[in-house]
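> with the input below, show me the fold.
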Amino acid sequence: MAEFQEQFGVVFDYILARESHRSIGQPCDCKRPDALKTILCFDCFHSHPACPSCFLESHRFCPTHWAHRWNGRCFDKLDQSDLGYIFTFSHDHGPNRCPHGDYDHPLDFILTDLNGVHRTKATFCRCAMHGKPEDRFTELLACGIFPATVARPTMGFTFALMEDFHLQTLTSKKSPYDYIEAIRRKTTNAVPDLRKVPNPYEQFLRVQRVFRAVTGIKRSGQLFGIDRFFPNRPPGSVVVACFACPEPGFNVPDRYWIEIDDDFIHLVQLILMLDGHFGLQRFAKVDDPDDVSLLAGKGHFPLDEIYNVYVRNVVATEEEKSTCSNFNAVEMQNKIKFRGCVISGVIAVECGRHCVFLSMVDLHKGERFTNADFALIMVFQRFVSSHSINLARFFKRILTTYDVACQFEIHFGTRVLQNFPNLAEMLPALVDLIKFLVPKMHLDGHKDNCRYRYSLNYFQGAGRTYAEGIEGSWAESKQSGGSTRQMNHGHRHDTIIDFHNFWNWAKFERMSTSLCDHLISARESLKESIEHFLGLSVTRGRDNVEKWEKMSTLPVKVGNEWRSVYRAYILVVPSREAVYLDLLKTEKAHDDAEALAMKTQNQETQFLNAGLKLQERQHQLKRAQKAASTETELGVVRRSRAALLGDIRRWRKEQIQLVPMLSKLASSEDGNENDQTLVETEKLYLPSDFSPAERSQLGLVTLAEVELKLREGEANDAVVFLCEAITHVMMFRSVKEKHARGVSQNTRAAKFIRGVNDRRNAYADQYRRARKAVLALKAINESSDYPILTQEDMYAKNAVNARELGDGSKTDGWIWRYGNLKGLNQEQRKEFVRESTCFMMSMDFLSLIPYLGS
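Residues are numbered from 1 along each chain as shown. Okay, here's the model as predicted:
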């Protein structure tokens, strides 16, 4: 902003220059006697002063531009009628005068345009077939002016103004009052003069409603008989439908409805989101009985005469109680905040994939299941003709999400069969197609049973659907709540329909780009997912995979608990000490096996293995030194350092015997035998510490081959221990959250988790060091067998708890499938993937592979 601030003086000069003109008061270019340049137009670009006659002549096609007349000190803002202009409203004459018009007795007409409210003079055409008072309405429309009344209008609004307000209120939710107030201030911003400006707010409030309605009807295609192209949609509907959701006879080939099997059910599956919102209330106030909706029954809301009977006979008598104590949307809303409201909010249905509004009903007594039933039935009726289930059966399944689906579905079938007897023929079959689930973010507030039974993560065919998109729609809709809550009933409905149609259209405008981006992203993640799937399958073994493939993924109720193959069951939770000792026991067993193997190895192998262990002890000592804070811990470090120093010195002697040429380098590291301060940083001069040329010169080639094998084993062990440590961290964090209470328990649990986490980091560091040595020994920079280990590679979805929001977009790190392709050349890798794919994957999954390269 500094560069603009430096130009403030220049900006002020040009702003002030508009307050006058150098040629004001000079003779006009028309050369007429006494014609002076006194009039200037600020609505035109590059306007020049002119006399009144020349100004009116040049503005024949711009009758709403203001005339600014110089009074000797400043400009006075005048309507062109103050200079003698009379507006002619006609079908055919344009800016020209009607030869039969009564220009001696013009009418006072108030015309509102984008630049202000004009008190102008006007006359209507009196040619043959015109001139009757009832023709004034159509003559104003022919001039691009929307009349304020049908009979004898004396006020109008330009189409440019109506279109501008419509777009502004759709994008910013600006109220008609604020908009008209701004237009009046464009007329004059001086307080004494502002009182004299006509206030067309009441007339504009009525006219903009009509304009909204006719614009919605025009844009819906109803003017052009669009219903004949969509016979399955409700007749006369102005709702902007979702163009991407599967619809019979529109965007899905007829054969798909028959040929698609259960593995590709998502292609012919309708996904719906159901949710209530309390930001679109309506206050209890004196209502105008004549203020009816202009789009009654054609938009997102049902007909009042039908829905009001349903509310009176069904909703008002319902008493629903929730048994899901962790999440209770029905009872959570505080009734006090709805005091003074005749409508407490709305409940709507959107398509789950593209967030397009499909239906909506008012809430009169909080959020009731019966309200939600009606909204859903409205959507289902869109796909049902003549109370027949034939069209609805095109869908293999209707997936519906709701915040409290766990409670909503219990009596859903009973409720709709009882409350919608006129649809009794088709409802039973339709209800069987519906599967209720809970949106992913809301699922975190439910009980554990719900988190597996109603999760989109574990439901086949749900894909990456998260079903929270309707919440973003409410964030936009809520902006209009401040004005719609004050409106009469019909006005409110028309306004909300218009806003939500615009939301739907905006979604459609960006839909092609959005879907394309999602498709590209899906193809990229599919490659990674297949590789990860194959890696996990191979490392777990054929027997496990075949056993898992036979398991059902559907949750099953056992007693009061819902069991799922995705749910981890820890029958006996081991103590922290037990797990810690288990880690140590695993390491000790590995060390013992290593020691036994070393007995059968030659001297070089034993020597190098001892060197690797000394190197690992050096790193352990560094970590202990860094963590030590008490005198006891420091004492342990000192004793460990002394022991390590002695072991290194003994190992040095063996090193010099095996490789005499290292004696000079080794002796330089010995230094003072009693100096322990540098023992953890002392260089051991293993083969991996030298370049290939240096190893050849020092006679370390044979030892390098042995170290390479040991380093590869060290890397493999580090990855195995790393995975175990990560799993233990997951388990203990879950146990801590569920069982640790109070400061003492939480502190002890957190301290132990930090200890296990430190071991995890130690294993990660050990792998990185082993990898670095392997690359040095092979004289290469990178190796696919030993990839770089980053923090992201140590990520894994929590195997103890249910999936969390965002887990589906991530893939576990490579360490969990480590080793499945190691040591194979490129041709062997391809053959392995081919064979493994045929073994591990079904033919349906295989059919996706050809699309990976496209």
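
> please list all residues in contact with the nearest residue to residue 134 once chain neighbours are set aside.
For residue 134, ignoring the flanking residues on the chain, the nearest one in space by C-beta to C-beta, 6 or more residues apart in numbering is residue 151 at 7.4 Å. The way it works is simple: take the backbone N, C-alpha and C, and place the C-beta from them, glycine included. Neighbouring residues of residue 151 by C-beta atoms under 8 Å, 6 or more residues apart in numbering: 133, 134, 137.

> out of these, grab the one that's most surrounded.
residue 137 (17 neighbours; other C-beta atoms under 10 Å).

> and residue 129, what pLDDT?
Looking at residue 129, its pLDDT reads 67.

> if we can go back for a sec, just send the contacts of residue 151 back as CSV, with pLDDT, distance to residue 406 and secondary structure too.
Shown next, in CSV, are the contacts of residue 151 (pLDDT from 0 to 100; distance: C-beta to C-beta, whole Å; DSSP: H, G, I helix; E, B strand; the rest coil):
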residue, pLDDT, distance to residue 406, secondary structure
133, 70, 65, helix
134, 74, 62, helix
137, 90, 57, helix
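
> tell me the one of the residues you listed nearest residue 465?
residue 137 (50.8 Å; C-beta to C-beta).

> and the contacts of residue 151, which is closest to residue 816?
Distances from residue 816 to those, taken by C-beta to C-beta, are shortest for residue 137, at 74.5 Å.

> doesn't residue 154 make contact with that closest one?
No - Residue 137 is not in contact with residue 154 according to C-beta atoms under 8 Å; the separation is 11.9 Å.

> surely residue 620 is within a helix?
Yes - under DSSP: H, G, I helix; E, B strand; the rest coil, residue 620 sits within a helix.

> mind checking how far it is from residue 637?
Here residue 620 is placed at a distance of 10 Å from residue 637 (C-beta to C-beta, to the nearest Å).

> among the contacts of residue 151, find me the one that's closest to residue 308.
residue 137 (33.9 Å).

> ok, the closest one - contacts?
147, 150, 151, 153.

> again, but for residue 512
Contacts of residue 512 (C-beta under 8 Å, 6+ apart): none.

> okay, and it sits in which element?
helix 489-540 (DSSP states H and E).

> so for that helix, mean pLDDT?
Per-residue scores along helix 489-540 average to 89.

> helices and strands around the helix or strand following that helix, which ones?
Next along the chain after helix 489-540, taking DSSP H and E as the criterion, comes helix 542-549. Counting contacts by 3 or more C-beta pairs under 8 Å, 6 or more residues apart in numbering; DSSP states H and E, helix 542-549 is packed against no other helix or strand.

> can you pull the contacts of the spatially closest residue to residue 244 that is not a sequence neighbour?
Distances taken as C-beta to C-beta, 6+ apart place residue 354 nearest to residue 244, at 5.3 Å, with adjacent residues excluded. Residue 354 is in contact with 242, 244, 245, 469, 507, 511, counting by C-beta under 8 Å, 6+ apart.

> and which of the residues you listed is nearest to residue 312?
Checking the contacts of residue 354 against residue 312 with C-beta to C-beta, the nearest one is residue 242 at 32.1 Å.

> now, which of the contacts of residue 137 lie within strands?
Under the assignment DSSP state E, these contribute residue 147 to strands.

> where does the stretch 601-750 of the chain dip in pLDDT?
By pLDDT under 70, the low-scoring segments of the stretch 601-750 of the chain are 601-602, 668-677.

> what is the neighbour count of the nearest residue to residue 174 once chain neighbours are set aside?
What sits nearest to residue 174 in space, not counting adjacent residues and going by C-beta to C-beta, 6+ apart, is residue 168, at 5.1 Å. For residue 168, the neighbour count with other C-beta under 10 Å is 14.

> quick one: pLDDT of residue 248?
pLDDT at residue 248 comes out at 76.

> distance of it relative to residue 233?
11 Å.

> now do residue 109: how many residues are near it, please.
Residues near residue 109, counting by other C-beta under 10 Å: 22.

> that one should be in a strand, yeah?
Yes - according to three-state DSSP, residue 109 belongs to a strand.

> report the beta-bridge partners for it.
Using DSSP bridges, the beta-bridge partners of residue 109 come out as residue 120.

> that one against residue 87, yeah?
Yes - using C-beta under 8 Å, residue 109 is in contact with residue 87, at 6.8 Å.

> re earlier: now which of the contacts of residue 137 would you call buried?
Using 16 or more other C-beta atoms under 10 Å as the burial test, these include 147, 153 as buried.

> how near is residue 228 to residue 221?
Residue 228 is 10 Å from residue 221, by C-beta to C-beta.

> from the chain's centroid, how far away is stretch 225-236?
Centroid separation for stretch 225-236 versus its chain: 32 Å, with C-alpha atoms, centre = their mean, to the nearest Å.

> buried residues in it, which are they?
Buried residues in stretch 225-236, counted by 16+ other C-beta under 10 Å: 227, 233.

> quick check: end-to-end length of it?
The first and last residues of stretch 225-236 sit 9 Å apart, counting by C-alpha to C-alpha, to the nearest Å.

> what of stretch 380-400?
Start-to-end span of stretch 380-400 (C-alpha to C-alpha) is 12 Å.

> need the pLDDT of the residue nearest to residue 134.
88.

> hey, where'd the strands end up in the stretch 301-450 of the chain?
With DSSP state E, counting those that start in this stretch as the definition, the stretch 301-450 of the chain shows strands at residue ranges 341-343, 345-351, 357-363, 397-402, 434-437.

> report the beta-bridge partners for the nearest residue to residue 82 once chain neighbours are set aside.
Among residues not flanking residue 82 along the chain, residue 67 sits closest, at 7.0 Å (C-beta to C-beta, 6+ apart). Here residue 67 sits in beta bridges with residue 78, going by DSSP bridges.

> quick check: residue 67 touching residue 83?
Yes - counting by C-beta under 8 Å, residue 67 touches residue 83, with 5.7 Å between them.

> shared neighbours, these two?
The contact sets of residue 67 and residue 83 overlap at 39, 52, 55 (C-beta under 8 Å, 6+ apart).

> follow-up on the earlier one: neighbour count for residue 67 and residue 83, which is higher?
Taking neighbours as other C-beta under 10 Å, residue 67 and residue 83 compare with residue 67 leading, 25 against 16.

> could I get the contacting residues of that one?
39, 41, 52, 55, 77, 78, 79, 80, 82, 83.

> how close does the residue nearest to residue 82 get to residue 40?
From residue 67 to residue 40 the distance is 8 Å (C-beta to C-beta).

> do the same with residue 509
41 Å.

> the two: who's more crowded?
Using other C-beta under 10 Å as the criterion, residue 509 and residue 40 rank with residue 40 on top: 22 against 10.

> ramachandran angles for the more buried one?
Backbone torsions of residue 40, given as degrees, to the nearest 10, read phi -130, psi 140.
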